[in-house]
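Peer 1: Next comes the sequence, and after it the predicted model I'd like to discuss.
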Amino acid sequence: MSIEQIIFNNLLYNEDYARKVIPFLKEEYFSGYEDKVIFGLIDEYVKKYNNFPSKEALAIDLANKSNINQETFENCKNVLSNIEHDPDTKIEWLLDKTEEFCQEKAIYNAIMNSIQIIDDKNGKQSKGSIPKILQDALGVTFDTHVGHDFIDDAEERFEFYRKKEDRIPFDLDYMNRITNGGLPKKTLNIIMAGTGAGKSLFMCHCAAANMMAGYNVLYITLEMAEERIAERIDANLLDIRMEELQIIPKDSYEKKMNRLKDKVKGKLKIKEYPTASAGSANFRHLLNELKVKNNFIPDIIYIDYLNICTSSRIKNGTNVNSYTLVKTIAEELRGLGVEHNVPIISATQTNRSGFADSDVSLENTSESFGLPATADFMCALITSEELESLGQIMVKQLKNRYGDPSSNRRFVVGIDRSRMRLYDAEQSAQDDIMDDGPVFDKGKFMERDNFEGSLLSKFEDFK
């Protein structure tokens, strides 16, 4: 007896089994056309009546089906006549075999679909979608969890409240304060700043700190060469100015590196891709390669930066607006973080109006407002002549799912650009930061206030 026949037997005569498997069965999993027709009739009946048909009801529905020929009708009658009650088979075995059947069929269909995409000369579907198709097929499983019951699952919820979430901490005090101890796994975190403000510096510093703390770090760059990223991290960890790295003697460099090896607890891998040539599918392949070849599994991933990644779902050259493209890329990267159980940190630029703005907000996000809609955490790096002269850079919370964004909305951290390093500023520097109102605002807003104030004064004098 075939597995298809066993499935049909129990769909009609074993309701406990049928209700557990019907959400996962698909017509495409059945090979024979007559099996597809029979399953289609069962599925249609369940959706319409929220119950399972009898053998007699199926026979009537089959007789009324007008879009099949006589040969198919006779084959379907044979399948239907072989359906019989089987009370002795254990439901656990039935569920295991049905899940195995669905998994094998899903993988087979995915492979055949991928071959069609490869052979398609018109390129209607991007070859970059193949990894996602195969991944979805490999992920087929019978998940019986259908939601959280507010009353029955209260105890489980209580334990969740007291469970300490595993986070990747920063080495900066105020960053840990606003994130409640660091970045949770399965999240997308965005740093926003203007060109040259310090996005890569921030990520390189955090990557170096993570490695020193014992975490495995993957740094993916689409903007600078691998060696340039490594150079910045060298300056940070070896406490050497960037320009000194060009002239330091080899023996001195090796001595510093040997001392560093004794302190470093984690690993750092840097991978370069050409600009706008890689996306989540490429990164997923890289993660698999690192795991198989180097036994390297990252605890956190940095992507420098999001806007110059490609989408695995949208084909290159497709006429699509920037909002949809960037939002799609953000969704794919967040999905990658969820899949591999890691936080992902990336960056984006401010738009033209935000470049010189001293009080950046979410509306200054370049290209797509879909990015902040997708991100879990988003902050802006703000610089000015006053801050540069003090050796500081301002951080402003823009979106925060980990804590209250109105608490410590703005704060400053020390910055040493020559060594690509950030550090905690003194508390006195924080005391000068206002939590409301623009910071170092030199725009026309204050000019307007002064103009309106002078008019009001003249009006009072007239009265």
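Peer 2: Looks like it came in fine. Residues are numbered from 1 along each chain as shown.

Peer 1: Identify the structural domains in this protein and state their residue ranges.
Peer 2: Domain ranges of the chain: 3-138, 167-445, per automatic domain parsing.

Peer 1: Turn these into CSV, including mean neighbour count, mean pLDDT and distance to residue 156.
Peer 2: Heads up, the C-betas are built off the backbone N, CA and C, glycines and all. Output for those, formatted as CSV (neighbours: other C-beta atoms under 10 Å; pLDDT from 0 to 100; distance: least, C-beta to C-beta, whole Å):
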stretch, mean neighbour count, mean pLDDT, distance to residue 156
domain 3-138, 15, 86, 21
domain 167-445, 18, 88, 19
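
Peer 1: now these in TSV, with distance to residue 153?
Peer 2: Rendered in TSV, the data for these read as follows (distance: least, C-beta to C-beta, whole Å):
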stretch	distance to residue 153
domain 3-138	20
domain 167-445	21
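
Peer 1: So for residue 159, which of those domains sits nearest?
Peer 2: domain 167-445 (17.5 Å; C-beta to C-beta).

Peer 1: mind checking the longest strand of the chain?
Peer 2: strand 392-400 (DSSP state E).

Peer 1: which residues are in contact with the strand or helix carrying residue 284?
Peer 2: Assessed by DSSP states H and E, residue 284 sits inside helix 280-294. With C-beta atoms under 8 Å, 6 or more residues apart in numbering as the test, helix 280-294 has contacts from 128, 131-132, 135, 218, 220, 269, 271, 273, 296-298, 301, 303, 309, 311-312, 329, 332-333, 335-336, 339-340.

Peer 1: Same check on stretch 27-41?
Peer 2: Contacts of stretch 27-41 (C-beta under 8 Å, 6+ apart): 4, 8, 25, 43, 53, 58, 61-62, 65, 68, 72, 75-76, 78-80, 101-102, 105-106, 109.

Peer 1: swap the cut-off to 7 Å and go again
Peer 2: 4, 8, 25, 43, 58, 61-62, 68, 72, 75-76, 79-80, 101-102, 105, 109 (C-beta atoms under 7 Å, 6 or more residues apart in numbering).

Peer 1: Secondary structure element for the spatially most central residue of the chain, which one?
Peer 2: Residue closest to the average C-alpha location in the chain (C-alpha atoms, centre = their mean): residue 334, at 0.6 Å. Residue 334 belongs to helix 322-340 when elements are defined using DSSP H and E.

Peer 1: same thing with residue 428?
Peer 2: With DSSP H and E as criterion, residue 428 is part of helix 427-431.

Peer 1: Pull that helix out as PDB, backbone CA atoms only.
Peer 2: The C-alpha trace of helix 427-431 is given here as PDB (Å, rounded to 0.1, in the frame of the first residue of the first chain):
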ATOM      1  CA  GLN A 427      29.300  62.200  33.000                       C
ATOM      2  CA  SER A 428      29.700  66.000  32.900                       C
ATOM      3  CA  ALA A 429      29.500  65.800  29.100                       C
ATOM      4  CA  GLN A 430      26.200  64.100  29.400                       C
ATOM      5  CA  ASP A 431      24.800  66.700  31.700                       C
END
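
Peer 1: Quick one: list the elements packing against it.
Peer 2: Packing partners of helix 427-431 (3 or more C-beta pairs under 7 Å, 6 or more residues apart in numbering; DSSP states H and E): strand 410-416.

Peer 1: The strand it packs on versus strand 392-400: what angle between them?
Peer 2: Put simply, strand 410-416 runs at 140 degrees to strand 392-400, going by axes from the mean of the first three to the mean of the last three C-alpha atoms, to 10 degrees.

Peer 1: what's the spacing between strand 410-416 and its chain's center?
Peer 2: Taking C-alpha atoms, centre = their mean, to the nearest Å, one finds the center of strand 410-416 at 28 Å from the center of the full chain.

Peer 1: who does that strand touch, helix- and strand-wise?
Peer 2: Short answer (3+ C-beta pairs under 7 Å, 6+ apart): strand 410-416 packs on strand 392-400, strand 421-424, helix 427-431.

Peer 1: Select, out of these, the one closest to residue 257.
Peer 2: strand 421-424 (17.5 Å).

Peer 1: Just after the lengthiest helix in the chain, pick out the following helix or strand.
Peer 2: For the chain, the longest helix by residue count, based on DSSP state H, is helix 91-119. Proceeding N to C from helix 91-119, the next assigned helix or strand is helix 130-138, under DSSP H and E.

Peer 1: okay, the next helix-or-strand element following that following helix in PDB with CA atoms only?
Peer 2: Using DSSP H and E, the next helix or strand after helix 130-138 towards the C-terminus is helix 154-162. Extracted in PDB, the C-alpha atoms of helix 154-162 (Å, rounded to 0.1, in the frame of the first residue of the first chain):
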ATOM      1  CA  ALA A 154       0.000  31.900  32.000                       C
ATOM      2  CA  GLU A 155       2.700  29.900  33.900                       C
ATOM      3  CA  GLU A 156       4.800  29.600  30.800                       C
ATOM      4  CA  ARG A 157       4.500  33.300  30.300                       C
ATOM      5  CA  PHE A 158       5.500  34.000  33.900                       C
ATOM      6  CA  GLU A 159       8.700  32.000  33.400                       C
ATOM      7  CA  PHE A 160       9.400  33.900  30.200                       C
ATOM      8  CA  TYR A 161       9.300  37.300  32.100                       C
ATOM      9  CA  ARG A 162      12.000  36.100  34.400                       C
END
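
Peer 1: Which of the three states applies to residue 52?
Peer 2: At residue 52, secondary structure determined by DSSP: H, G, I helix; E, B strand; the rest coil is coil.

Peer 1: give the contact list for it.
Peer 2: Residue 52 makes contacts with 11-12, 15, 18, 46, as judged by C-beta under 7 Å, 6+ apart.
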